[in-house]
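[1] Provided below for reference: sequence and predicted model.
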Amino acid sequence: MPHSLPPLIPETTALSVAGAGLHRYGMGSALIATGADATVVIVEAGDSPGVSGVQDSTKVLLRGDTLPVLYPRFDFESPLPIRLFARMDGGCLPLGAARCRGLSDPANFDYAALELDQPLTREMLDVVRPVPAPGPVPDVDWVDHVAADPIQALESFALGWFPAEEPELAEEGNAAGELGSLPEALVAFRRVARLRPALRRFRDPVLEQPKRASGPFGDRLVFAVQDGADMDWSIPWPLEEPGVADPRVWCTDDPCGTEPETFIEEELLSRFLLQFTLYEATIAAPYQAWTYCMPTARLDTLWSMLRPIPLSPFLPTYTAEKLFVAPGLLMSASVDESEATVAFGALHRATLTPLLAHGFRWSRFDG
């Protein structure tokens with residue numbers, strides 16, 4: 001144990017911080033003690049993404065059985081402090097005080113997101129939430145196919161990036177139902193989504209069943225939506241030319257508003273679906289890292305480790321995200337001549353950790 005860390009204390013001493021009238025509860029692997037003076041939470045040290053334990057330098061999750069009796073203790077307005085500890089070999093390590101920033105409803109209280117008043121140092125974080133060795137990562141050879149065969153690139157990326165699950169059953173009959181034959185790019189996306197259902201769980205999904213709508217350029221077929229339908233993407237419908245293989249894509253902002261705006265995307269459908277998938281996969285990755293705005297020149301140290309994806313910027317009217325990839329790592333960058341913000345998505349925590357060497361200021365860092 002490094003000498004700069006707080007000394008370990010016996011678990012009985014940590015529990016005594018709760019004060020008189022001690023009661024113990026379990027939520028997942030965490031031990032929760034309530035008393036007259038405080039609520040004490042003791043979590044197991046270790047890398048436990050999404051379950052009870054330390055998640056990053058400020059966030060600790062509690063998740064487990066329903067315990068409505070504990071809800072008042074974690075309510076934001078509770079007058080009693082929450083004191084956090086991590087159980088180590090040889091005792092408990094004090095982590096500090098915390099406030100609850102998110103919790104389930106009172107009757108079904110089984111989840112709480114705690115935020116430490118003082119972020120953990122990197123040294124302490126590495127002790128209570130050690131970074132495991134990275135697992136296997138997919139290669140990035142699919143980038144070679146983007147220009148000539150974006151559908152193949154999409155399939156290769158998705159099959160390598162997303163874990164295999166029980167395949168979805170193919171639907172009977174025509175994929176488009178009464179709509180007629182869909183373009184091959186949409187058919188291919190549906191095909192790979194059956195093999196990798198994670199594609200259907202994006203924050204902004206490609207619709208399982210496209211829907212017809214109208215717009216300023218004519219009738220259209222909506223195949224993807226964003227932000228609760230505040231924006232959508234569509235293709236002309238019926239297709240402008242019979243048998244067209246790769247139609248243009250329309251982006252409609254505020255499609256349900258009184259004056260929606262529609263833009264023509266730079267990429268045709270096959271390349272747009274790859275672009276859309278890569279952007280959403282970055283957002284949906286299990287580990288995230290986001291920078292604050294910084295001078296564009298600060299990115300120079302990244303280029304040797306990343307491959308640019310030969311696609312136009314995504315959301316060009318808004319953030320204009322350029323897309324890059326490395327084994328097990330995706331990056332989107334909103335860049336102009338002077339300033340840039342960058343977001344990374346990774347399959348393994350250890351893939352992000354080396355990024356600390358670049359000295360960026362992080363608004364979120366899961367590594």
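    Looks like it arrived, so ask away. Numbers count the residues shown, from 1 in each chain.
[2] just how off-centre is the lengthiest helix in the chain within its chain?
    In the chain, taking DSSP state H as the definition, the longest helix is helix 269-284. Using C-alpha atoms, centre = their mean, to the nearest Å, the distance from the centre of helix 269-284 to the centre of the chain it belongs to is 14 Å.
[3] Equivalent analysis for stretch 201-214, please.
    20 Å.
[4] ok, residues contacting it?
    Residues outside stretch 201-214 that contact it (C-beta atoms under 8 Å, 6 or more residues apart in numbering): 176-177, 179, 182, 186, 189-190, 193, 199-200, 219-227, 232, 234, 237, 255, 273, 276-277, 280-281, 283-284. For the C-beta atoms, the positions are set from N, CA and C on the backbone; glycine is no exception.
[5] Verify the contact between residue 269 and residue 239 for me.
    No - Residue 269 is beyond contact range of residue 239, at 10.3 Å (criterion: C-beta atoms under 8 Å).
[6] Which neighbours do these two have in common?
    Taking C-beta under 8 Å, 6+ apart as the criterion, residue 269 and residue 239 both touch 183, 247.
[7] list the contacts for residue 199?
    When the contact criterion is C-beta under 8 Å, 6+ apart, the partners of residue 199 are 158, 162, 189, 192, 193, 206, 277.
[8] what secondary structure does it sit in?
    With DSSP: H, G, I helix; E, B strand; the rest coil as the basis, residue 199 sits in helix.
[9] Could you check how far it is from residue 348?
    From residue 199 over to residue 348 the distance is 20 Å, taken as C-beta to C-beta, to the nearest Å.
[10] so what's the residue nearest the centre of the chain up against?
    Residue closest to the average C-alpha location in the chain (C-alpha atoms, centre = their mean): residue 284, at 3.4 Å. Shown here is residue 284, whose contacts under the criterion C-beta under 8 Å, 6+ apart are 198, 201, 202, 203, 345.
[11] tally of neighbours for the fourth one?
    The one in question is residue 203. Other residues within reach of residue 203, judged by other C-beta atoms under 10 Å, total 10.
[12] tell me the contacts of residue 279?
    For residue 279, the set of contacting residues under the criterion of C-beta under 8 Å, 6+ apart consists of 314, 315, 321, 323, 332.
[13] what's the answer for residue 61, then?
    Contact partners of residue 61, counting by C-beta under 8 Å, 6+ apart, are 48, 50, 51, 52, 53, 55, 111, 112, 113, 114.
[14] same thing but at 7 Å, please
    The neighbourhood of residue 61, defined by C-beta atoms under 7 Å, 6 or more residues apart in numbering, consists of 51, 52, 53, 55, 113.
[15] export those to TSV and tack on pLDDT?
    TSV is the format used below for the contacts of residue 61 (pLDDT from 0 to 100):
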residue	pLDDT
51	91
52	94
53	95
55	94
113	97
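[16] Of the residues you listed, just say which sits nearest to residue 308.
    If you rank those by distance to residue 308 using C-beta to C-beta, residue 55 comes first, at 31.3 Å.
[17] ranges for the helices of the stretch 151-300 of the chain?
    Counting by DSSP state H, counting those that start in this stretch, the stretch 151-300 of the chain has helices at residues 184-195, 269-284.
[18] Then the stretch 1-150 of the chain?
    Here the stretch 1-150 of the chain has its helices, by DSSP H, counting those that start in this stretch, at 11-16, 71-74, 122-128, 150-161.
[19] Residue ranges in the stretch 101-250 of the chain under the pLDDT threshold?
    Of all residues in the stretch 101-250 of the chain, those with pLDDT under 70 make up the ranges 167-180, 227, 229, 240-244.
[20] show me the contacts for residue 24.
    When the contact criterion is C-beta under 7 Å, 6+ apart, the partners of residue 24 are 31, 33.
[21] For residue 104, list the residues it contacts.
    Under the criterion of C-beta under 7 Å, 6+ apart, the contact partners of residue 104 comprise 110, 111.
[22] Let me see the backbone angles for it.
    Backbone geometry at residue 104, expressed as degrees, to the nearest 10, gives phi -80, psi 180.
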